[in-house]
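generate a structure from the sequence data that follows.
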Amino acid sequence: MNVHDAFLHGDLEEEVYMTIPSGFWASGLNKGVMWLYVLIYVDDLLIGGKISGAIYRFKEYLSECVKMKDLSHLKYLLGIEVAYSSQGIDLSQRKYTLDIVDECALLVSWPFDTPMEQNHKLQIDGDGPYADPGQYRRIFKRLIYLTVTRPDLSYVIHILAQFLKKPQVKHWEAALRVVRYPKGCPGQGLWLSANRDQTLSAYCNSDYQSCPITR
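Here you go, the predicted structure:
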């Protein structure tokens, strides 16, 4: 939902709870309780829940309080594209990815199959400082947000973060390689299946000896 003239309704006299108040559960809550989840970004609201009727009634209530526009099912929010099917929901950042590629002037370049060169030596001093550290940091920030739907970039982003203070030319080139990696599959993202449990498994291979920075 989108709030009309959100900035004209800035004064708030009511008491707002960002977390459940102490003692709330002891106030006679019955077993028929249902949960609604509301994500607010400036004048946009994303409302979720398991019971569509409850969401509809909540939308009606909000519209009585403040003038709003119902945008129906979520399709695009904060650079994240949402596609629905009977099998589940697909989240991707295709447009956001291509915007990063365009900003780096890499639209006509070939994509890489991997985000980082194997056995890289980015930690070792080499070819001198990069002339525009601010540009390096900006692209780095944009790549961080891309990990929302591309967790496969998490490791390489962690490596690039180590050089934010004084990036070298080779660090900028490594960042451009990361940009060219999702260019080959900009629509790839997260698949949330409707038919299986969404359990996240994580693995870590700690090797402090081989990293000259962290060892």
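
mind giving me the domain split of the chain?
Under the assignment automatic domain parsing, the domains of the chain span 2-72, 91-193.

out of the ones you listed, flag the one nearest Thr199.
Ranking these by their distance to Thr199 (criterion: Cβ to Cβ) puts domain 91-193 first, at 10.9 Å. To be clear about C-beta, it is placed using only N, CA and C from the backbone, and glycine gets the same treatment.

chain center to the closest one: distance?
Here the centre of domain 91-193 is set off from its chain's centre by 15 Å, with Cα atoms, centre = their mean, to the nearest Å.

burial count for the closest residue in space to Gly184 that isn't next to it in sequence?
Nearest-residue entry for Gly184: Pro111, 3.2 Å, with adjacent residues in sequence omitted and distances by Cβ to Cβ, 6 or more residues apart in numbering. Other residues near Pro111 come to 15 when the count uses other Cβ atoms under 10 Å.

so what's Pro111 up against?
Shown in contact with Pro111 (Cβ atoms under 8 Å, 6 or more residues apart in numbering): Arg180, Tyr181, Pro182, Lys183, Gly184, Cys185.

for the third one, what are its contacts?
For Pro182, the contacting residues are Thr97, Pro111, Pro115, Leu146, Arg150, Leu153, Gln188, taking Cβ under 8 Å, 6+ apart as the criterion.

do the same with the fifth one
Under the criterion of Cβ under 8 Å, 6+ apart, the neighbours of Gly184 are Pro111, Phe112, Asp113.

same list (these) but as TSV, adding pLDDT, secondary structure and distance to Gly49.
Compiled in TSV, these are given as follows (pLDDT from 0 to 100; DSSP: H, G, I helix; E, B strand; the rest coil; distance: Cβ to Cβ, whole Å):
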residue	pLDDT	secondary structure	distance to Gly49
Pro111	89	coil	39
Phe112	90	coil	41
Asp113	90	coil	41
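
so which of these comes closest to Lys69?
Of all those, Lys69 sits closest to Pro111, with 38.7 Å by Cβ to Cβ.

and for the nearest residue to Pro133 once chain neighbours are set aside, the neighbour number?
Distances taken as Cβ to Cβ, 6+ apart place Pro167 nearest to Pro133, at 5.5 Å, with adjacent residues excluded. By other Cβ under 10 Å, 24 other residues sit near Pro167.

next one: Asp152
Using other Cβ under 10 Å, Asp152 is surrounded by 13 other residues.

does it belong to a helix, a strand or coil?
helix (DSSP: H, G, I helix; E, B strand; the rest coil).

report the contact partners of it.
Contacts of Asp152 by Cβ under 8 Å, 6+ apart are Pro115.

against Ile100, how distant is Ile89?
According to Cβ to Cβ, to the nearest Å, Ile89 and Ile100 sit 23 Å apart.
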